[in-house]
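Student: Provided below are the primary sequence and the corresponding predicted coordinates.
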Amino acid sequence: MRKRLRRKPLEQAGDRTTLLDAQTAEPARDLDRAERGKARHTNDALFGKACRDVIRDPHVVGADAGLRRLRHPSLSRNIRAMTWSIIARDHATGAFGVAVATRFFAVGSYCPHASSAGALATQALINPIYGPRGLPLIGEGIGAPHIVAALVEADAGRDQRQLHVIDRNGRVAAYTGAGCVEWCGHKIGADHSVAGNMLAGPKVIEETAAAYAAHAALPFAQRLIKALMAGEAAGGDKRGKQSAALLIYSTEEYPDLDIRVDDHADPLPELARLERVSRERFVHFRKFLPSRANPAGVTDRAEIEAGIAKALADAANGKA
């Protein structure tokens, strides 16, 4: 019965691999000629010919669908962690974010990865290489289904991995390996995905997704934390609590927010506290930093202080 819980028909497209278009719930479209060219160029540099051959095939959906059993030694290194996370794109701002919680030290150092073009989370027996190899693919415009296929099928340790990815167009793909510890699984929604392993039960994933959907009016950072808190209330990581992290990118090469609680008896409330502190000054100060639009940023300290004071006043009056 537990295996059935992990294999929900709507999300099933291979061996516990969801490679569906998040908007249509149909198999992701075939790569067009330009996208195939970018895939070949990028993956030759990152993975070599073997991984390129996987990403060129627009029909790959999982091990049961005939993908080759590729081996790539550098992708087999791993660090053990069990957790649940949510990745999402904010409709209001276009920002991408990852929020994660676990009974593992410093989960923010290896699990969440994001850029101005998308986001991913690697968990279970973490493969930290997925981040630096997956984000360039997102930046090249490769779709999430093909990125998941490329990363997972080039990894000899794939059965112990869990991965979900959201690309620049909001398409989501997720993979839960056959060797992940119960309860494990993932749930895809419009512009977001929730995935976890070694959880108290499927309600953790379901409640996290439901809370994210129910709090669309909240600012993005608060919405992500609220979703994880709902998952924790449903049982969370069955081993307990230790660390949590929140990572958000929007338009720049650096994050809008990167908050980590590395070792704490109650990490999610602490993460929420730090997010509140960030709104006291940090998030307003960040707007004056060098950016793509203004590479020098604002250097007049009086202008910066006046801008922060106005932002705080607006927030206090409910205008922010």
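Tutor: Good, I have the coordinates. Everything numeric here is computed off the predicted structure, so don't read it as measured data.

Student: how long is stretch 146-162 end to end?
Tutor: Start and end residues of stretch 146-162 are separated by 15 Å (CA to CA, to the nearest Å).

Student: Strands of the protein, start to end?
Tutor: Taking DSSP state E, the strands of the chain run over residues 17-18, 79-80, 83-89, 96-102, 112-115, 118-126, 161-166, 172-176, 185-189, 192-196, 243-249, 257-261.

Student: Would you reformat the ones you listed as JSON lines and include mean neighbour count?
Tutor: Using the backbone N, CA and C atoms, a C-beta is placed for each residue, glycine as well. Output for these, formatted as JSON lines (neighbours: other CB atoms under 10 Å):
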{"stretch": "strand 17-18", "mean neighbour count": "29"}
{"stretch": "strand 79-80", "mean neighbour count": "11"}
{"stretch": "strand 83-89", "mean neighbour count": "28"}
{"stretch": "strand 96-102", "mean neighbour count": "29"}
{"stretch": "strand 112-115", "mean neighbour count": "23"}
{"stretch": "strand 118-126", "mean neighbour count": "29"}
{"stretch": "strand 161-166", "mean neighbour count": "29"}
{"stretch": "strand 172-176", "mean neighbour count": "28"}
{"stretch": "strand 185-189", "mean neighbour count": "24"}
{"stretch": "strand 192-196", "mean neighbour count": "29"}
{"stretch": "strand 243-249", "mean neighbour count": "26"}
{"stretch": "strand 257-261", "mean neighbour count": "20"}
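
Student: Those: which one's closest to P145?
Tutor: Nearest to P145 among the strands of the chain is strand 172-176; the distance by CB to CB comes to 4.4 Å.

Student: what helices or strands is the closest one leaning on?
Tutor: Strand 172-176 is packed against strand 17-18, helix 144-153, strand 161-166, strand 185-189, strand 192-196, with contacts defined by 3 or more CB pairs under 8 Å, 6 or more residues apart in numbering; DSSP states H and E.

Student: Comparing the ones you listed by mean pLDDT, which bottoms out?
Tutor: Mean pLDDT is lowest for strand 17-18 out of those, coming in at a mean of 40.

Student: Please point out which parts of stretch 232-243 sit buried.
Tutor: Under the neighbour-count criterion of 16 or more other CB atoms under 10 Å, stretch 232-243 has E232, A234, G235, G236, D237, K241, Q242, S243 buried.

Student: quick one: contacts of that stretch?
Tutor: 82-84, 101-108, 183, 196, 198-201, 203-204, 206-208, 260-268 (CB atoms under 8 Å, 6 or more residues apart in numbering).
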